[in-house]
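1. take this sequence and fold it.
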Amino acid sequence: ADFNYGADEYDAEGNEEPKALPEGSETMPYIDESPTMSPQLSARGQDNGDGVSPTPTDGLGTGGERDAGKGLEMRKLVLSGFLASEEIYINQLEALLLPMKPLKATATTSQPVLTLQQIETIFYKIQDIYEIHKEFYDSLCPKVQQWDSNVTMGHLFQKLASQLGVYKAFVDNYKIALETAEKCSQSNYQFQKISEELKVKGPKDSKESHTSVTMEALLYKPIDRVTRSTLVLHDLLKHTPADHPDYPLLQDALRISQNFLSSINEDIDPRRTAVTTPKGETRQLVKDGFLVELSEGSRKLRHVFLFTDVLLCAKLKKAAVGKHQQYDCKWYVPLADLVFPSPEESEHCPQVHVIPDHELEDMKMKISAIKSEVQKEKANKGQSRAIERLKKKMFENEFWLLLNSPAIPFRIHNRNGKSYLFLLSSDYERSEWREAIQKLQKKDLQAFVLSSVELQVLTGSCFKLRTVHNIPVTSNKDDDESPGLYGFLHVIVHSAKGFKQSANLYCTLEVDSFGYFVSKAKTRVFRDTTEPQWNEEFEIELEGSQSLRILCYEKCYDKTKINKDNNEIVDKIMGKGQIQLDPQAVQTKNWHMDVIEMNGIKVEFSMKFTSRDMSLKRTPSKKQTGVFGVKISVVTKRERSKVPYIVRQCIEEVEKRGIEEVGIYRISGVATDIQALKAVFDANNKDILVMLSDMDINAIAGTLKLYFRELPEPLLTDRLYPAFMEGIALSDPAAKENCMMHLLRSLPDPNLITFLFLLEHLKRVAEKEPINKMSLHNLATVFGPTLLRPSEGESKGHLTLASDIWSHDVMAQVQVLLYYLQHPPISFTELKRNTLYFSTDV
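-> From the prediction side, this is the model:
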């Protein structure tokens, strides 16, 4: 059996990309000091008196940490994984040191490859770091191999932490070392050859003897390693009883490591950008707000001001203490010269670099976790400094999200030459800016050039005139402001009237979360009509949402207008409107009917809200003859199949004609269609196949999700839920791999085979991500809670704030599924074959 030796971050090839540095931190690599991405959920399920362990052979705890044995078992898993990655790290340092001796030998000859000074700079402190880790590894290895409950190793970690000063020296020199290596590579072909292919020895029991790695990648390893050691200390402490002799030593080591990380990260503080407002004389401010500009290939947050005759793009300057804040004008375009390039003209514009969804989702999870920490601190009357520190971190994360999530291009062109590109998160917002500018352009406008004094005066007035003062992130909100709604909003879009002529019409629904709006649902196109009757129901997930927007479009079928840029929406907006989601009004069990009026068009819709805890109930079916709400083992036994028929048929249909559908599994199917399919599958009707082939593909995808959501017990079982939560919270990849594979092995066969079948299907869907926009992370977000959320009896007693439920449980459920989705193919027979190895010796 193969260990995953931390291959995601610390693969022997060393070809991971170093983390992107925050703006303004060019001087030093950024080190992540967050304890762990995964939520700390080890305390879950401590009171459910059954305490069944996943398999009889192993004590991997499912009931929290009730007896010390389970904690010690987890300690062993954590240490084994860490030891394996430590071996790889030592091999990487060895590979780095290997060329140093011959290089030193030639340095004193008549034809040196490098000077002694250059060698000293490039390999600075590597020998010391190697010796520290070799000694640590040689001391820890026998302790883990001859494991028993009395093993102590806290003193080894304490000693390792006390030698972190060497890393400080390495980090301070890191940038110069890289620059020197790069310069030497450019000027010396021999050194270039050496630095491009260093040979790293494979782990002892690995099939690979060596792998080739670049020197640049290896020089980055020590920086990563500090964070790794800190993560392992977190995991060890979590699974070490407080009365164990190691406990105070590990605490001390963790304290030293965290202080060290803080000290080298202190200078790296993403620059805070503040905010804007309007009302001047003669030249009046009409609209202003924050937009993300794509400038020289990178995203910048700008404050954009629309005056009666000019559009001005500004950036807030850093002000000295006691000085007034001021704006710095980046550019301006007189409205008389401003044009919106058509899709055909904008082909030459720069391509928009879209941040992968999984990175955005990871950041949302980080933010949610910090939010619940802030709430805990407040509830426990925590120190205001701790709360401020958390809020600062939250601001930085939300700021990153605000900068990186918009992807809809909004192009501005100056007739006299230059083009500018903004990125927006919603088409609603883009149309607001476009309409405001076009309305002003109807007046008789003159072209002009501002003198430097006029520009200074105009830019100076921006600070007084601005209407938007704060960047739209939740950390800028006052404590008494509404946190928004968490749960599910059910919306039925009924119909619309007021169109002057027949058209092909559809609606989209947007809701806000994390300070910006995203499109969540789309009706089908109603062809050639002035009174479309959609009558479609959608279930929209709310994450702290306060508003619902409805946009009505005319569908464009003209192929010449379809732009090459994926995010360009060429359909014409016929009308748009927004309503506030009032928690009091919405939180009733009944449907609430409403009308939004927009540009003379009226759209009728109904909505009702279900809070997250209410929508997460699993209720077993009263009749056991159908498939919905019936145990999976009962269904497979009755059908004499390994995977339920409903799962096989829905997946087959999606793969046949839905795998390239944009937003498959994320876009809601029509509720009435899903209910019709549910009834047919429950009755085992012979017309199932005919009905499936005619049905809208989003309804089939919705039926599959509904089947898993309505299982009386989650596919990954109630019994193993706490263990999955613990496993995913481990920071060390090898321990996590060990634990997560072990848990799969512990599932009943029908559950495991169905899960693996679904897993391979979702991977095939994600392969088409360039077309369907569904990444592995998107799919994990959709299916994670559906496959893992415990049934009613299990989850009672954990419900606190709705937002807490989101940030903790849902976040971890998504991470569990994502782990398996990102894992190389897992086969049922392979898993079962490895049972013996995993349950006896780690």
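2. is residue 397 in a helix, a strand, or coil?
-> What DSSP: H, G, I helix; E, B strand; the rest coil gives for residue 397 is helix.
3. from now on call the first residue 10
-> All set: I'll call the first residue 10, so the last point we hit is now residue 406.
4. against residue 228, how distant is the nearest residue to residue 201 once chain neighbours are set aside?
-> Among residues not flanking residue 201 along the chain, residue 194 sits closest, at 4.3 Å (CB to CB, 6 or more residues apart in numbering). Backbone N, C-alpha and C define where each C-beta goes, glycine included. As judged by CB to CB, to the nearest Å, residue 194 and residue 228 stand 12 Å apart.
5. repeat that for residue 162.
-> Taken as CB to CB, the span from residue 162 to residue 228 is 29 Å.
6. more crowded one of the two?
-> residue 228 (23 against 18; other CB atoms under 10 Å).
7. so what's that one up against?
-> Residues near residue 228 by CB atoms under 8 Å, 6 or more residues apart in numbering: 105, 131, 183, 186, 187, 190.
8. could you list the low-confidence segments of the stretch 110-259 of the chain?
-> 214-217 (pLDDT under 70).
9. and the strands in it?
-> Assigned strands in the stretch 110-259 of the chain, in chain order: 207-210, 219-222 (criterion: DSSP state E, counting those that start in this stretch).
10. save those as TSV, and put in distance to residue 109 and mean neighbour count too.
-> Formatted as TSV, those follow (distance: least, CB to CB, whole Å; neighbours: other CB atoms under 10 Å):
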stretch	distance to residue 109	mean neighbour count
strand 207-210	11	20
strand 219-222	15	17
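11. could the ones you listed go into a markdown table alongside distance to residue 707?
-> Below are the strands of the stretch 110-259 of the chain laid out as a markdown table (distance: least, CB to CB, whole Å):
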| stretch | distance to residue 707 |
| --- | --- |
| strand 207-210 | 48 |
| strand 219-222 | 45 |
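12. for those, which one sits closest to residue 336?
-> Nearest of these to residue 336, taken as CB to CB: strand 219-222 at 47.2 Å.
13. in its sheet, what does that closest one sit against?
-> strand 207-210 (antiparallel) (DSSP bridges).
14. now the partner strand - C-alpha only, CSV.
-> Output in CSV follows, covering the C-alpha atoms of strand 207-210 (Å, rounded to 0.1, in the frame of the first residue of the first chain):
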residue,chain,number,x,y,z
LEU,A,207,18.8,18.1,-9.0
LYS,A,208,18.1,14.5,-8.1
VAL,A,209,15.9,13.8,-5.1
LYS,A,210,16.0,10.4,-3.5
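15. could you list the low-pLDDT ranges of the stretch 710-851 of the chain?
-> 801-817, 844-851.
16. helices along that one, start to end?
-> 730-738, 742-754, 758-776, 778-781, 785-797, 801-804, 811-814, 820-831, 837-842, 844-849 (DSSP state H, counting those that start in this stretch).
17. separation between residue 350 and residue 315?
-> 18 Å.
18. of these two, who's got more company?
-> Using other CB under 10 Å, the more surrounded residue of residue 350 and residue 315 is residue 315, with 20 against 15.
19. my guess is the more buried one meets residue 442, correct?
-> Yes: using CB atoms under 8 Å, residue 315 is in contact with residue 442, at 7.5 Å.
20. what residues are shared contacts of these two?
-> residue 296.
21. all helices in the stretch 110-259 of the chain, in order from the N-terminus.
-> Using DSSP H, counting those that start in this stretch, helices in the stretch 110-259 of the chain cover 125-131, 135-154, 163-171, 174-196, 198-205, 224-247, 255-274.
22. of the ones you listed, which stretch is the most buried?
-> The highest mean neighbour count among these, using mean count of other CB atoms under 10 Å, belongs to helix 224-247: a mean of 22.
23. angle of that one against helix 163-171?
-> 140 degrees (axes from the mean of the first three to the mean of the last three CA atoms, to 10 degrees).
24. that older thread, including distance to residue 716, could the helices of the stretch 110-259 of the chain go into TSV?
-> TSV is the format used below for the helices of the stretch 110-259 of the chain (distance: least, CB to CB, whole Å):
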stretch	distance to residue 716
helix 125-131	59
helix 135-154	44
helix 163-171	47
helix 174-196	52
helix 198-205	52
helix 224-247	36
helix 255-274	45
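25. identify whichever of the ones you listed lies nearest to residue 740.
-> Per CB to CB, nearest to residue 740 of the helices of the stretch 110-259 of the chain: helix 224-247, 3.3 Å.
26. now the angle from the closest one to helix 742-754?
-> Using the same axes, to 10 degrees: helix 224-247 against helix 742-754 is 60 degrees.
27. alpha carbons of helix 224-247, as PDB, please.
-> Output of helix 224-247 as PDB, limited to C-alpha atoms (Å, rounded to 0.1, in the frame of the first residue of the first chain):
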ATOM      1  CA  MET A 224      16.900  24.300  -7.400                       C
ATOM      2  CA  GLU A 225      14.300  27.100  -7.100                       C
ATOM      3  CA  ALA A 226      11.700  24.600  -6.100                       C
ATOM      4  CA  LEU A 227      14.000  23.100  -3.400                       C
ATOM      5  CA  LEU A 228      15.000  26.500  -2.000                       C
ATOM      6  CA  TYR A 229      11.300  27.100  -1.300                       C
ATOM      7  CA  LYS A 230      10.900  23.900   0.800                       C
ATOM      8  CA  PRO A 231      12.200  25.200   4.100                       C
ATOM      9  CA  ILE A 232       9.700  28.100   4.000                       C
ATOM     10  CA  ASP A 233       6.900  25.600   3.600                       C
ATOM     11  CA  ARG A 234       8.300  23.300   6.300                       C
ATOM     12  CA  VAL A 235       7.900  25.800   9.100                       C
ATOM     13  CA  THR A 236       4.100  26.000   8.500                       C
ATOM     14  CA  ARG A 237       3.900  22.200   8.200                       C
ATOM     15  CA  SER A 238       5.600  21.600  11.600                       C
ATOM     16  CA  THR A 239       3.200  24.100  13.200                       C
ATOM     17  CA  LEU A 240       0.200  22.300  11.700                       C
ATOM     18  CA  VAL A 241       1.400  19.000  13.000                       C
ATOM     19  CA  LEU A 242       1.800  20.400  16.500                       C
ATOM     20  CA  HIS A 243      -1.900  21.500  16.300                       C
ATOM     21  CA  ASP A 244      -3.000  18.000  15.400                       C
ATOM     22  CA  LEU A 245      -0.800  16.400  18.000                       C
ATOM     23  CA  LEU A 246      -2.100  18.600  20.800                       C
ATOM     24  CA  LYS A 247      -5.600  18.000  19.700                       C
END
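28. about what we covered before: so which of the helices of the stretch 710-851 of the chain is the most surrounded?
-> helix 730-738 (a mean of 26).
29. what is that one packed up against?
-> helix 742-754, helix 820-831 (3 or more CB pairs under 8 Å, 6 or more residues apart in numbering; DSSP states H and E).
30. helices or strands up against the shortest one?
-> The reference is to helix 820-831. Counting by 3+ CB pairs under 8 Å, 6+ apart, helix 820-831 packs on helix 366-388, helix 730-738, helix 742-754, helix 758-776, helix 785-797.
31. ok, which of those comes nearest residue 94?
-> helix 742-754 (6.0 Å).
32. next one: that closest one to chain centre, how far?
-> 22 Å (CA atoms, centre = their mean, to the nearest Å).
33. what angle do that helix and helix 730-738 make?
-> Using the same axes, to 10 degrees: helix 742-754 against helix 730-738 is 160 degrees.
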